[in-house]
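In: Quick one, what's the 3D model for this:
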Amino acid sequence: MKSEFTLQAKTVEEAYAKANDIYSSLGEISIEVINSGKKGFMGIGRVLAEIKVIVDDGKPEIKPKKQTQDKPKPQEKPQNKVQKEQPKQQNKAPKTEPRVEKKVEAPKAPTMQEKEESINVTVEEKTLAINFLKGFIKDIGFNCEVKGDLTVNEKGFVSRLITIEGEGAANLIGHRGEMLDALQYLSNLCLARKSEGDHKEYVKVIIDIENYREKREQTLRALARRMASKALKYQRNVLLEPMNPYERMIIHSEIQAIEGVSTHSVGYDDNRKIVITCENKKRAPKKQ
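Out: Below you'll find the predicted structure:
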């Protein structure tokens, strides 16, 4: 038997936690976001987040029986005439062949290396980023080598990938790539201020250590497929852990290729998370 409740809290995450504390002991719960809420300015204009909690305790729903009044049976009249039974015509429906649905594979989302070619970086810009990284890494006490391919393609641009190698280079990755993202941010900030040309705001290099970017992307795409399968199996929303904008973009792009699920983000700043939503939820069959 299913029951519905609504909860309000400052954020969607607090509402999720409150729902789990209150209703998890009553049965299986599923949560839908009604309103993500607004943070407001210094408490002014704040709107509380609101969610709908559906609790299924597994018990069959009991419907009350309708009370019917016994009507007197009409007396049967003697039939004087014998009616001839006419043969019933059976309307046979035409046989239809079973419909075979063809599965169409969804197009695979482009990887990081495929997207790399869409952004243009000149030799001077990439050299500036490499020199900045060499000096910065040396100043913080690491003896690592900074490499970047400066081979010019037909359009006069180079690859935007820069790698850091050497002893202790793995220490520059940090927890879930936080230090690596910081190095990449500082490098692009340096390019935006010192590079020349009209397109300097769009310059963006990628910093990688021990192929971490590709490994992390493969991990996130596998996570997206696994959580989408879970949402489809249990017919309920799945909330992921907080991620940075780049990692959320990977999850969004992978879910787009999976039929029956969609994604949206909740939360603010560093606590922003992705919710995988199951579309066209099927109601569980009633137990007899």
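In: mind listing what the residue lying closest to N171 once chain neighbours are set aside touches?
Out: Among residues not flanking N171 along the chain, F142 sits closest, at 7.4 Å (Cβ to Cβ, 6 or more residues apart in numbering). C-beta coordinates here come from the backbone N, C-alpha and C atoms, glycine included. Neighbour list for F142: G166, G168, A169, N171, L172 [criterion: Cβ atoms under 8 Å, 6 or more residues apart in numbering].
In: so what's the backbone phi/psi at I34?
Out: Main-chain dihedrals, I34, degrees, to the nearest 10: phi -90, psi -40.
In: hang on, isn't it packed against V47?
Out: No: I34 is beyond contact range of V47, at 11.4 Å (criterion: Cβ atoms under 8 Å).
In: hmm, which helix or strand of the protein has the shakiest average pLDDT?
Out: helix 112-116 (a mean of 50; mean pLDDT, DSSP states H and E).
In: Pull up the gap between R160 and I51, please.
Out: 42 Å (Cβ to Cβ, to the nearest Å).
In: The host helix or strand of I29 pairs with which strands?
Out: Taking DSSP states H and E as the definition, one finds I29 inside strand 28-35. Counting by DSSP bridges, the strands paired with strand 28-35 are strand 49-56 (antiparallel).
In: Contacts for the partner strand, please.
Out: With Cβ under 8 Å, 6+ apart as the criterion, strand 49-56 contacts 1-12, 14-16, 19, 23, 26-37, 284.
In: buried residues in it?
Out: A49, E50, I51, V53, I54, V55 (16 or more other Cβ atoms under 10 Å).
In: from these, which is closest to K155?
Out: A49 (47.8 Å; Cβ to Cβ).
In: Not counting sequence-adjacent ones, nearest residue to the closest one?
Out: G37 (3.4 Å).
In: and what of H252?
Out: Per Cβ to Cβ, 6+ apart, closest to H252 is T263, 5.3 Å.
In: can you map out the helices along the stretch 1-150 of the chain?
Out: Ranges of helices within the stretch 1-150 of the chain are 12-23, 112-116, 123-139, based on DSSP state H, counting those that start in this stretch.
In: Now the buried members of the contacts of strand 49-56.
Out: 2, 7, 9, 11-12, 14-16, 19, 23, 29-31, 33, 36-37.
In: Least confident of those residues?
Out: Lowest pLDDT among those: Y23, with 71.
In: on that earlier part again, among the contacts of F142, which one has the most neighbours?
Out: L172 (21 neighbours; other Cβ atoms under 10 Å).
In: For D270, see how far away that one is.
Out: As judged by Cβ to Cβ, L172 and D270 stand 20 Å apart.
In: now do G135
Out: 29 Å.
In: what's the answer for E259, then?
Out: Distance from E259 to D270, by Cβ to Cβ: 32 Å.
In: And T163, by the same measure?
Out: Distance from T163 to D270, by Cβ to Cβ: 27 Å.
In: Out of these two, name the residue with the larger neighbour count.
Out: Between T163 and D270, counted using other Cβ under 10 Å, the more crowded position is T163 (19 against 8).
In: Which strand residues bridge that one?
Out: With DSSP bridges as the rule, T163 is bridged to K147, D208.
In: Thought D208 was touching it, still the case?
Out: Yes: if you go by Cβ under 8 Å, T163 and D208 touch, sitting 5.2 Å apart.
In: shaky segments in the stretch 51-200 of the chain?
Out: By pLDDT under 70, the low-scoring segments of the stretch 51-200 of the chain are 57-118, 195-200.
In: swap the cut-off to 50 and go again
Out: 81-82, 98-107, 109-110, 112-113, 116, 200 (pLDDT under 50).
In: Run through the strands of it in chain order.
Out: Counting by DSSP state E, counting those that start in this stretch, the stretch 51-200 of the chain has strands at residues 145-147, 161-165.
In: Which of those strands has the highest mean neighbour count?
Out: strand 161-165 (a mean of 19; mean count of other Cβ atoms under 10 Å).
In: Return the angle between stretch directions for it and helix 123-139.
Out: 30 degrees (axes from the mean of the first three to the mean of the last three Cα atoms, to 10 degrees).
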